[in-house]
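Engineer: I'd like to go over a predicted model; first the sequence, then the structure.
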Amino acid sequence: MNHSTPRLRTLVALPFDLAFAACLVAFVLWYDRLPDPLATHFGGGGEANGFTGRATYGFVATALLIGLRFGWTLLVRRNALWGAWATAGFTGTLLFLLVRDNLDAGDAAGVVSPLANLTVAAAVGGLCALVGLALTRFVPVPEVEAPVVDGPLLPLGASEVAGWTRTAESWPLAGIAVLALAAAPVALVLVPWPWNLFAFLDVAVFVPGLALARIRVSVDRRGLTVRPAFLSWPRVRIPLDEVAGADVRDIVAMDEFGGWGYRVRAHRTGVVLRSGEALVVRRTGGREFAVTVPDARTAAALLNTLAERHGKV
């Protein structure tokens, strides 16, 4: 089942469309009042040290917003709608403020962009995140079929309860996260526009890289939960009523998932830290979820038993 419903896709695209419209209106109305080129890169004190032609700036800003819109619309799930709104609010505000800072400047070399712009953009992004979170209630929770559990079972008495948890780590992902964090300020300050936009890519690599460097995988009465070992969120949770079966399989990260980290494929998703033993859950909608973790066989057997018991309640 595809959880990316038309209503969800519309609500994901909406903040990027609003950000694009606001930036476009400002750019068009102020076009004749803007210097050519614009000041688009600034030093630590806010002084201009990089410049871009007006037309080029318009193209780059448009491509950035459209690219983010496409990516979020393609991959977002219901519980991450707030992230799309936060991204659109933060990015759109920065682009708008950059144009405002250039307004009526006789010489772009004299333009100053205060660091407070980042605080303003972060505040707008936070407010937009709250809007996205509130709009989540208008996206229906996908309906699922009653599961028919298939896979190994763990013997449990009728009154027995059990839980299972393990951690798994990836030192390569931790190293990549640290390098991305170190590279972000360097790219933002030293690299000329528009290539300094790769600083945002560094942040996009750092956050998930850090979250996935060490994960905790748990099976209990709530189902399967995968989250960072040191935080309770973000997390992936598969409730028992969505479990059609769980098993163990050796996977090859590059061949089956195209790499490491949180991976999305046509009919499967996964948290892949390495090649080798993985817990593979078949969901009632037909998709698979895999997570590489030690002692996956015990996890699969317990998850099947709990799901079967849950279906009989």
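Structural biologist: Alright, I've got the coordinates. Numbering: from 1, shown residues only.
Engineer: all contacts plus neighbour counts: C-alpha atoms, from now on.
Structural biologist: Fine.
Engineer: Take stretch 286-300, keep the C-alpha atoms, and write them as PDB.
Structural biologist: The C-alpha trace of stretch 286-300 is given here as PDB (Å, rounded to 0.1, in the frame of the first residue of the first chain):
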ATOM      1  CA  GLY A 286       2.700  -5.800   0.700                       C
ATOM      2  CA  ARG A 287       5.900  -3.800   1.400                       C
ATOM      3  CA  GLU A 288       8.900  -5.100   3.300                       C
ATOM      4  CA  PHE A 289      11.000  -3.400   6.000                       C
ATOM      5  CA  ALA A 290      14.500  -4.600   6.800                       C
ATOM      6  CA  VAL A 291      16.900  -3.600   9.600                       C
ATOM      7  CA  THR A 292      20.300  -5.100  10.100                       C
ATOM      8  CA  VAL A 293      20.700  -6.100  13.700                       C
ATOM      9  CA  PRO A 294      22.400  -8.900  15.700                       C
ATOM     10  CA  ASP A 295      20.200 -11.800  16.900                       C
ATOM     11  CA  ALA A 296      17.600 -11.000  14.300                       C
ATOM     12  CA  ARG A 297      16.200 -14.600  14.400                       C
ATOM     13  CA  THR A 298      15.000 -14.200  18.000                       C
ATOM     14  CA  ALA A 299      13.400 -10.800  17.100                       C
ATOM     15  CA  ALA A 300      11.600 -12.300  14.100                       C
END
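Engineer: buried ones in it?
Structural biologist: 287-294, 296-300 (16 or more other Cα atoms under 10 Å).
Engineer: And these, which is closest to residue 164?
Structural biologist: Nearest to residue 164 among the buried residues of stretch 286-300: residue 299, at 6.5 Å, using Cα to Cα.
Engineer: my guess is that closest one contacts residue 164, does it?
Structural biologist: Yes: the pair residue 299 / residue 164 is scored as a contact, 6.5 Å apart, by Cα atoms under 8 Å.
Engineer: Give me the common contacts of the two.
Structural biologist: Both residue 299 and residue 164 are contacted by residue 219, under the criterion Cα atoms under 8 Å, 6 or more residues apart in numbering.
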